[in-house]
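Undergrad: Following is a predicted model, sequence given first.
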Amino acid sequence: MIEVGQKAPEFCLPNQDNIEICLRDLKGKWVVLYFYPKDLTPGCTTEACEFTEALPDFEGLDAIILGVSPDSVQKHQKFIEKKDLKITLLSDEDKEVLKAYGAWGPKKLYGKEYEGVIRSTFIIDPEGKIAAVWPKVRVKGHVEAVKQRLEELRGRE
């Protein structure tokens, strides 16, 4: 798992409009990078809707929110349209970025083990370093916790 202080792994992924978004192009901004399992599922919908609701607060902190899942660009488009999301969703169909951030690995459900997305969130500072990590996210209250941590980090600038 990636730790605070480490350089964030570089990535370039297509967003919901099939436009490539690269971490290197976001230097100078705070980035909230969150990994989630699947579009239009209950927990993932709640998380995306809460990040959308809080977007003005994050923008006020000069932060961009990027959600990443293995879903296709087309699925992301449907998710955004159906739930009126205002955040950017990135498609990592080959799971390379998920793996680079330790957000892909063994999970258990009803006693069965399988490989899947480990819901996790990272704050990346303007220099491209990891500033905060949530390795196993519970959706309830998470967006508020991320916002508070970002406010604390911004207060140290």
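TA: The structure has been received and is ready for your questions. Residues are numbered from 1 along each chain as shown.

Undergrad: Helix or strand with the lowest mean pLDDT in this protein?
TA: None of the helices or strands of the chain scores lower by mean pLDDT, DSSP states H and E than strand 104-109, at a mean of 88.

Undergrad: which strands and helices sit next to it?
TA: Packing contacts for strand 104-109, counted by 3 or more C-beta pairs under 8 Å, 6 or more residues apart in numbering; DSSP states H and E, involve strand 112-117. Using the backbone N, CA and C atoms, a C-beta is placed for each residue, glycine as well.

Undergrad: Tell me which strands the strand it packs on pairs with, and in which orientation.
TA: Within its sheet, strand 112-117 is paired with strand 104-109 (antiparallel), according to DSSP bridges.

Undergrad: Tell me the buried residues in the strand or helix carrying residue 80?
TA: Assessed by DSSP states H and E, residue 80 sits inside helix 73-83. Neighbour-count burial for helix 73-83 flags 73, 75-77, 79-80 (criterion: 16 or more other C-beta atoms under 10 Å).

Undergrad: ok, now stretch 57-68?
TA: Quick answer for stretch 57-68 (16+ other C-beta under 10 Å): 58, 63-68.

Undergrad: next SSE after whichever strand or helix holds residue 52?
TA: Per DSSP H and E, residue 52 falls inside helix 42-53. Remark: after helix 42-53, the chain's next helix or strand is helix 55-60, criterion DSSP H and E.
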